[in-house]
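*Asks:* how would this look folded up:
(one chain, ligands or ions: 1)
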Amino acid sequence: MKENKYDDPLFFEKYSQMDRSKKGLDGAGEWKTLENMLPDFQGKKVLDLGCGYGWHCEYAADHGAAEVTGVDISEKMLEEARKSHKKGSTAYICCPIEDIDFEEASFDIILSSLAFHYIENYEEIVDKIHKLLKPGGYLVFSAEHPVFTAEGSQDWYYDENGKILHFPVDNYYYEGKRNAVFLGEPVTKYHRTFTTYVSVLLKKGFRLVDVEEPQPPEEMLDTVPGMKDEMRRPMMFLVSAQKEK
Ligand SMILES: C[S@@+](CC[C@H](N)C(=O)[O-])C[C@H]1O[C@@H](n2cnc3c(N)ncnc32)[C@H](O)[C@@H]1O
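*Replies:* Model (predicted):
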């Protein structure tokens, strides 16, 4: 099932209050690590899957991309993207990632930031992405870390005084649907092991360029509430992979 949670007015309102919505890339803890993994955008055709507010699309356009396409299932998220990024040649398309239909070998770079854990069939998407990329093209994506998605609730265990005890990891090898809670709202996510995330890429004809488990930036540790706790378990991972030439 393709859930369109971001069009839910209450969820959208809560998401719009997050730092990454208000401040853009600079409000995202992983941004500096991700930025270092990005290929050169100059003259490139770029596709962003699950583009949300379009921050990564705008970055690609600002860094010389010839054409940028952002795809998202949420009309509300795309509305924000269209409002904020009026300049440039970015096309924003409302469509589930699962249903994208572009010409084969038509993109140089495909990005996806924190959307793949909403996709039930990862292998199918990687297959599609492989077809859409030109030989030598790059897929750079982030997804919620399997340690973060495994148990499902995505919340800490607390003591009787509300102090964090630890983060639950359970059912790691049982892949599939999780009834998660994000921003206090029920959200469907999909858990898969780290092996699956990587081995599917290798099996489908990508070579791994880089893998990162980003730590919160030093300067956010004392200034952003809760950021210090992000040192206790990984919340996401980043991958850069290249389609074999
Ligand atoms: C956590 S937000 C990330 C947004 C943006 N990529 C960023 O990093 O700022 C996840 C985005 O994925 C989109 N999304 C979730 N499931 C999707 C699907 N099946 N197809 C397309 N977009 C989807 C949501 O609507 C939302 O905009």
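*Asks:* only C-alpha atoms for contact and neighbour calcs from this point on.
*Replies:* Fine.
*Asks:* Name whatever forms a beta bridge with the nearest residue in space to residue 140 that is not next to it in sequence.
*Replies:* The spatially closest residue to residue 140, leaving aside those adjacent along the chain, is residue 240, at 4.4 Å (CA to CA, 6 or more residues apart in numbering). Beta-bridge pairing of residue 240 under DSSP bridges involves residue 140, residue 210.
*Asks:* list the contacts for residue 240?
*Replies:* 37-38, 138-141, 208-211 (CA atoms under 8 Å, 6 or more residues apart in numbering).
*Asks:* PyMOL command for the buried members of the residues you listed?
*Replies:* A single PyMOL command selects the buried members of the contacts of residue 240 (16 or more other CA atoms under 10 Å):
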select buried, resi 37+38+138+139+140+141+208+211
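*Asks:* and which of the contacts of residue 240 is nearest the ligand?
*Replies:* The ligand has its nearest neighbour among the contacts of residue 240 in residue 141, at 9.3 Å by CA to the nearest ligand atom.
*Asks:* picking up where we left off before, got the contacts of residue 240 as CSV, with distance to the ligand columns?
*Replies:* Shown next, in CSV, are these (distance: CA to the nearest ligand atom, whole Å):
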residue, distance to the ligand
37, 15
38, 14
138, 17
139, 14
140, 12
141, 9
208, 21
209, 20
210, 19
211, 17
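*Asks:* quick one, helices of the protein?
*Replies:* 9-16, 19-22, 31-37, 55-62, 75-84, 122-132, 146-149, 194-203, 218-221 (DSSP state H).
*Asks:* Out of these, which one sits most buried?
*Replies:* Mean neighbour count (mean count of other CA atoms under 10 Å) peaks for helix 146-149 among these, with a mean of 24.
*Asks:* Send me it as CSV with only the CA atoms.
*Replies:* Output in CSV follows, covering the C-alpha atoms of helix 146-149 (Å, rounded to 0.1, in the frame of the first residue of the first chain):
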residue,chain,number,x,y,z
PRO,A,146,17.7,-0.6,10.0
VAL,A,147,18.7,-0.2,13.7
PHE,A,148,16.1,2.6,13.8
THR,A,149,13.3,0.8,11.9
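*Asks:* so how far is it off the chain centroid?
*Replies:* Relative to its parent chain, helix 146-149 has a centroid offset of 14 Å by CA atoms, centre = their mean, to the nearest Å.
*Asks:* Next, the residues that contact that helix from outside, please.
*Replies:* For helix 146-149, contacts defined as CA under 8 Å, 6+ apart pick out 154, 169, 172, 178, 189-194, 233-236.
*Asks:* got the residues of this protein near the ligand?
*Replies:* 2, 6, 50-53, 72-74, 77, 96-97, 113-115, 118-119 (CA under 6 Å from any ligand atom).
*Asks:* now do 8 Å
*Replies:* Contact residues, the chain versus the ligand (CA under 8 Å from any ligand atom): 2-7, 20-21, 24-25, 28, 48-56, 71-75, 77-78, 94-98, 112-116, 118-119.
*Asks:* can you pull the contacts of residue 34?
*Replies:* Residue 34 is in contact with residue 238, counting by CA under 8 Å, 6+ apart.
*Asks:* Can you measure across stretch 47-55, start residue to end residue?
*Replies:* Using CA to CA, to the nearest Å, one end of stretch 47-55 lies 13 Å from the other.
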